Structures are given as structure tokens and as C-alpha cells.
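S.K.: coords please:
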Amino acid sequence: MTRAHNAVREFVIPVGVAVLAVVPALFLRLTGSSVGALADTALFGVAILAAGFLLSWGAEAAEKYIATGFVLAVVALITVLPEYAVDFYYAYRAGQDPASGYVAYAAANMTGANRLLIGLAWPLLVGLHWWRSRQRGITLQSENSVEIVFLALASAYAFVIVSKNRIGVFDFVVLGALFCLYLWRTSQAGNEEEEDDEEPGPGAVIAQWSPAWRWTAMAVMSLVAAGVILLAAEPFAESLVASGRRLGVDEFLLIQWLAPLASEAPAVTIAILFVLDGRARAGLTTMISDKINQWTLLVGMLPIAMSIGAGELTSLPLDARQHEEFFLTAAQSVFALMLLLSWRLAPWGAIALVSLFLTQLGLAFFYQATPEREIAVLTGMAWVYLTLAAVLMIFNAKQLPVLFRSAWAVRRLEPKEASS
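M.R.: Prediction:
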């Protein structure tokens, strides 16, 4: 009776709530109805959030049977698919009508999502880890050199894009290859020794089933979630723009910060669950992997989506503001990397990340200025990040050779249990 009760509490109820959460949005989508821009935004946003959780629960179940680093990378990729769907739509519409303003929306959503991850999610994990264990900071291990090195490579290439003022098909090839290489490298690593206790929830329940039921459940949840995301992405993106117009809020800022809050929530929640389960390093690793796949695949797929919309190969241009938004995002990424060179995200580093992020966010929303001054603020914040990063690099330069050696020292995956 206890086992059945736990199954209901940890699987049936969460999955049932997620399924019910998508029903209103699916009804609106399939009937072509609307309950107003604001309500549409909320309902479609909730549907995307629920679909993200369905995806993440299925991916979690695989962690026991696949190399830990690899599955964390896949979990990060799967849980952020809602972000891909929304950004793909904006880029696709930009290709259909380059003068519509959707080019800026695609770049805004991408840069906002990337800066939210580092500026809020990383410090949140450090704070929760301290609250749970009273340990100051999240300590990394040599295995995490893979994530750090690949994030460094992706961040370095971001400055190439900044110098070109556009994201093209060639960039997709380079960034896509970089992400595939990252997945290959994580798949070669061994499994980490974790505690026997698993974080409660649908993923843990599914992992205990027989292989046939387990993989069937994961496939069904993934297909349902993918269908919901595909159906909800367009109306969510459009209702978000309409809501901004109705509220008199800058549409660019609304898309840059509000849309990623909904689409990134599943990925951040999974990382939080790792921390609360005593696996803070796995939580931070997931967030770093999330950043890697966004800094590679998400950026690289924008010109592909735009080309599909345009019906021909094209690239996504960066105007003056987008140039500085991308520059600022790359600079923040470099600063975060320098914090990790000490193999630990310390409280002071988390405070620096969130303080700088809230400063730039406050300036974006409350600093009334001309476009020229807005660009100057973005540029100034970027150079603050880069200056601090240079200081940190000087103090931690001796870690660089160790980092690169560790990243390419392949430790083969141990054989998995027969039940997989």
C-alpha cells in the first residue's frame, strides 16, 4: 500500500497536473479561440512549462543507465527545448518578413535566456546549497573540466559573431559541430558515484520500471510534450508581443526577459531538485550544460530558422543594439568562466553574478534614455564583465593547463547494469 501510495504521490499526481495544465492551451489552439492577449500568454506559457517538465522527467529516468556527464548534457538540452521552439518561431517569422522586427525579437529571446541562466540560476543554486548544507559554494571536480572548456570555446566563438555583426549558416556548422563534439566527449566519461537515494518525482519512479515500460513511458511523454510545444510556441510568442503592446511595455524587453522565464523554468527546476537532493555539483553541471547548448545550438539554429522562413539561405543580422546585447552576453559568459577556474563557484562569485545582472536589468527597465545611451550602457556593462574576468584570469592562470589536460583525458564508461 505504501509503495502504491508513493507511486501516486510521486508520479500520477505530478504527471496528471502537467497534462491538465496543457488542456486549456490546446483547446484555444485547436479551436482558434482567444481569451485576450494577457490570458493567452499565461495559458500558452503554462502549457510550454508543463511540457518542459514532461520532457525533463523522461530524461531524468535515463540518468541511472547512461554516462552521468552525457545524460546531464542531454537533460539540459531536452529541458530547454521550449526555449528553442519560441526562438525558432521568432527567427522563422523574421525570415518571412525581415522588416517586421522579429529579427530583434529572436536575438532578444536568445540573449535574455543566456544571461538569465548565469545571472540568476547559478547564484540561486549556490544559495540553495548553502541553505541546505551550510557549505559555502559548490565545488567542482576534474570531470567538470569538459563543461568548462567547451563553454570557453563557445564563448570565444561568440566574439567572432560579434565581429561579423551577423549569424550565418557557416556559424551553424561550426557551433553544431562543437556541440556534437561536446556530447561525444561527455559520452566517453565514466559514471559518477552518487548516493543511492534518488530525488523523488516521476523520473525516479520511471527509472524503477522494467526496461520496456521505462522506455515506452519516456517515449510517450517526449512525444506528447514535443507536440504541445510545437502547437503552443507560435501563439505564445505572438500573444507575448500583443501583451507588450497592450501594457505599453517595450516589446523587446518583454520578450528578452519574460519569455525565457517560462521556457527556462523546467531546466532550472531540475537543477534545483539536484541541489535539494544533495547533488549540488550535478545541478550546477546541468546549468553549465544548458548554457553550452544554448550558446551553440540555439545561436546556430537562428539563421537556419530564418532561412526556412525566407525560402533561401540567409543570415540573421545584428543591428547596433543587438551587437551590444550579444557582446554583453559573451562578456558575462567569460566572467562566469573565470569564476569557475578555481574549481568552485563561491558565494562571493554568486553575489557578483546576481549583482551585475540585476544592475543591467534595472538599467534596461528603468533607465530612460535615447537608443545611443542604451547602447552605451550595454557596452559599459560588457567591459565591466571583461575587466573583472581579466583580473580573475591573472590570479587563476596556473589552472588553465590543468583544465585543458583534464578535459581531454578520456575516462571510459563502465559497463552498465543488465537491466538497461
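S.K.: Please name the residues that touch residue 81.
M.R.: 52, 55, 225-226, 229 (CB atoms under 8 Å, 6 or more residues apart in numbering). Where C-beta positions appear, they are placed from N, C-alpha and C, glycine not excepted.
S.K.: Now, these that are in strands?
M.R.: Under the assignment DSSP state E, those contribute nothing to strands.
S.K.: Rebuild those residues as a markdown table, extending it with distance to residue 31, pLDDT and neighbour count.
M.R.: Output for the contacts of residue 81, formatted as a markdown table (distance: CB to CB, whole Å; pLDDT from 0 to 100; neighbours: other CB atoms under 10 Å):
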| residue | distance to residue 31 | pLDDT | neighbour count |
| --- | --- | --- | --- |
| 52 | 24 | 71 | 29 |
| 55 | 25 | 71 | 28 |
| 225 | 21 | 80 | 27 |
| 226 | 21 | 76 | 16 |
| 229 | 19 | 75 | 25 |
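S.K.: Inside helices: which ones of those residues?
M.R.: 52, 55, 225-226, 229 (DSSP state H).
S.K.: Identify the farthest-apart pair in those residues.
M.R.: Greatest spacing in these, by CB to CB: 52 and 226 (10.7 Å).
S.K.: So which residues of the stretch 301-420 of the chain form helices?
M.R.: In the stretch 301-420 of the chain, the helices defined using DSSP state H, counting those that start in this stretch lie at 320-340, 347-366, 371-396, 399-407.
S.K.: Can you tell me which of those helices is nearest to residue 218?
M.R.: helix 399-407 (30.0 Å).
S.K.: now for the closest one, which elements pack on it?
M.R.: Helices and strands touching helix 399-407, by 3 or more CB pairs under 8 Å, 6 or more residues apart in numbering; DSSP states H and E, are helix 145-164.
S.K.: elements contacting the helix or strand harbouring residue 273?
M.R.: Using DSSP states H and E, residue 273 sits within helix 251-276. With contacts taken as 3+ CB pairs under 8 Å, 6+ apart, helix 251-276 sits against helix 37-61, helix 68-79, helix 81-96, helix 102-116, helix 122-133, helix 211-247, helix 280-293, helix 347-366.
S.K.: Look up the closest residue to residue 275, ignoring the ones flanking it.
M.R.: Spatial nearest neighbour of residue 275, excluding adjacent residues (CB to CB, 6 or more residues apart in numbering): residue 283 at 4.3 Å.
S.K.: Can you check what pLDDT the model gives that neighbour?
M.R.: Note on residue 283: pLDDT of 85.
S.K.: pretty sure it contacts residue 271?
M.R.: Yes. Counting by CB atoms under 8 Å, residue 283 does reach residue 271; the two are 4.0 Å apart.
S.K.: Tell me, how many residues neighbour residue 389?
M.R.: Using other CB atoms under 10 Å, residue 389 has 20 neighbouring residues.
S.K.: what's it in contact with, if anything?
M.R.: Residue 389 is in contact with 331, 334-335, 337-338, counting by CB under 8 Å, 6+ apart.
S.K.: how close does it get to residue 347?
M.R.: 19 Å (CB to CB, to the nearest Å).
S.K.: re earlier: could you export the contacts of residue 389 as JSON lines, including neighbour count?
M.R.: Formatted as JSON lines, the contacts of residue 389 follow (neighbours: other CB atoms under 10 Å):
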{"residue": "331", "neighbour count": "25"}
{"residue": "334", "neighbour count": "22"}
{"residue": "335", "neighbour count": "26"}
{"residue": "337", "neighbour count": "21"}
{"residue": "338", "neighbour count": "22"}
